[in-house]
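Q: here's a sequence, model it:
(one chain, ligands or ions: 2)
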Amino acid sequence: MNRQNVTLTISAGRKDQIIRDGLPQIALSGRSNVGKSSALNKLLGRKHLARVSAQPGKTVTVNFFNLDGACYLVDLPGYGFARRSEAEKRAWSRLTDAYFQQNASLAMVLQLIDLKTGPSKDDEMMLNFLEEAGIPFVVLATKADKLNATNRQKNLADLSRMLGQVPVIPFSSLTGEGAERVWNLIQTTVEA
Ligand SMILES: Nc1nc2c(ncn2[C@@H]2O[C@H](COP(=O)(O)OP(=O)(O)O)[C@@H](O)[C@H]2O)c(=O)[nH]1
Ligand SMILES: [Mg+2]
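A: Numbers count the residues shown, from 1 in each chain. Ligands and ions are numbered 1, 2, ... in the order given. As a prediction, the model looks like this:
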């Protein structure tokens with residue numbers, strides 16, 4: 001799989017734009033500002049493929065990136081954005097529900113959680129949803145570069161304890177930590 005060969009197929013703002021063409025999908029999920037766009041750019045070795053925003057959570061879209069004709073990397077809309085209006089929150093639920101509904105092509109979710117702040121209430125809801133829906137997922141513990149060794153160990157242990165069997169991958173878009181591990185995981189999942 002050539003990770004240089006990636007194109008944004010559609011930025012879907014409506015249910016009927018959600019792609020279901022049989023190609024496996026790997027979705028990135030997490031609250032606004034957790035580092036989803038940065039992670040996507042790092043994984044694909046591109047600086048500006050996905051928008052990294054200083055003012056997050058403005059648009060509610062599901063972005064489908066076609067990766068070398070082999071799979072889609074799906075950037076789900078972030079949640080937990082405090083300044084989002086009720087209408088925007090409804091749009092988030094409608095679109096996200098539609099995305100997860102009967103999605104046989106969904107091979108894996110990369111669930112991003114900020115390693116420094118730990119899981120928010122919204123993160124816990126998302127984790128419960130993924131478990132109950134039986135969707136395979138791993139956790140990317142983001143912004144790992146921000147923690148000193150002590151806090152890093154402690155927060156990783158807390159996350160692992162909470163998640164049981166679910167793999168927790170320390171990740172940093174700044175240093176590149178975890179990127180190769182996640183890339184290998186994507187390849188193995190898609191080629192399975
Ligand atoms: N220190 C550090 N900052 C990061 C990292 N990833 C993202 N950020 C910063 O966090 C903010 C939100 O990142 P973004 O990728 O737009 O988050 P998104 O809303 O989840 O897509 C930006 O200011 C990024 O520069 C990381 O690994 N380390
Ligand atoms: Mg983003």
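Q: could you look up the SS state of the most centrally placed residue in the chain?
A: Central residue of the chain (Cα atoms, centre = their mean): residue 28, 1.8 Å from the mean position. Under DSSP: H, G, I helix; E, B strand; the rest coil, residue 28 falls in the strand class.
Q: run through the bridge partners of it.
A: residue 75, residue 110 (DSSP bridges).
Q: who in this protein is up against ligand 2?
A: Selection of the chain residues close to ligand 2 by Cβ under 5 Å from the ion yields 36, 37. The C-beta positions use only the backbone N, C-alpha and C, and glycine is treated the same way.
Q: give the contact list for residue 166.
A: Going by Cβ atoms under 8 Å, 6 or more residues apart in numbering, residue 166 touches 137, 138, 139.
Q: ok, residue 34 touching residue 76?
A: No. At 11.3 Å, residue 34 does not count as touching residue 76 under the criterion of Cβ atoms under 8 Å.
Q: neighbour count for those two, which is higher?
A: residue 34 (26 against 23; other Cβ atoms under 10 Å).
Q: and that one, how far is that from residue 27?
A: Separation of residue 34 from residue 27 (Cβ to Cβ, to the nearest Å): 14 Å.
Q: same check on residue 137?
A: 9 Å.
Q: and for these two, which residues touch both?
A: 108, 109, 110.
Q: and these as CSV, adding neighbour count, distance to ligand 1 and pLDDT?
A: Output for those, formatted as CSV (neighbours: other Cβ atoms under 10 Å; distance: Cβ to the nearest ligand atom, whole Å; pLDDT from 0 to 100):
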residue, neighbour count, distance to ligand 1, pLDDT
108, 20, 18, 98
109, 24, 14, 98
110, 25, 12, 98
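Q: can you list the low-confidence ranges for this structure?
A: 52-59 (pLDDT under 70).
Q: would you mind listing what in it touches ligand 1?
A: 30, 32-38, 52-54, 56, 78, 142-143, 145-146, 172-174 (Cβ under 6 Å from any ligand atom).
Q: now for residue 138: which residues touch it?
A: Applying Cβ under 8 Å, 6+ apart, the residues contacting residue 138 are 108, 109, 110, 111, 166, 167, 168, 169, 182, 185.
Q: surely it is within a strand?
A: Yes. Secondary structure of residue 138 (three-state DSSP): part of a strand.
Q: run through the bridge partners of it.
A: Here residue 138, judged by DSSP bridges, has bridge partners residue 110.
Q: please tell me how far it sits from residue 15.
A: In terms of Cβ to Cβ, residue 138 sits 27 Å off from residue 15.
Q: and residue 79, by the same measure?
A: For residue 79 relative to residue 15 (Cβ to Cβ), the value is 18 Å.
Q: so those two - more neighbours on which side?
A: Comparing residue 79 with residue 15 by other Cβ under 10 Å, the one with more neighbours is residue 79, at 22 against 13.
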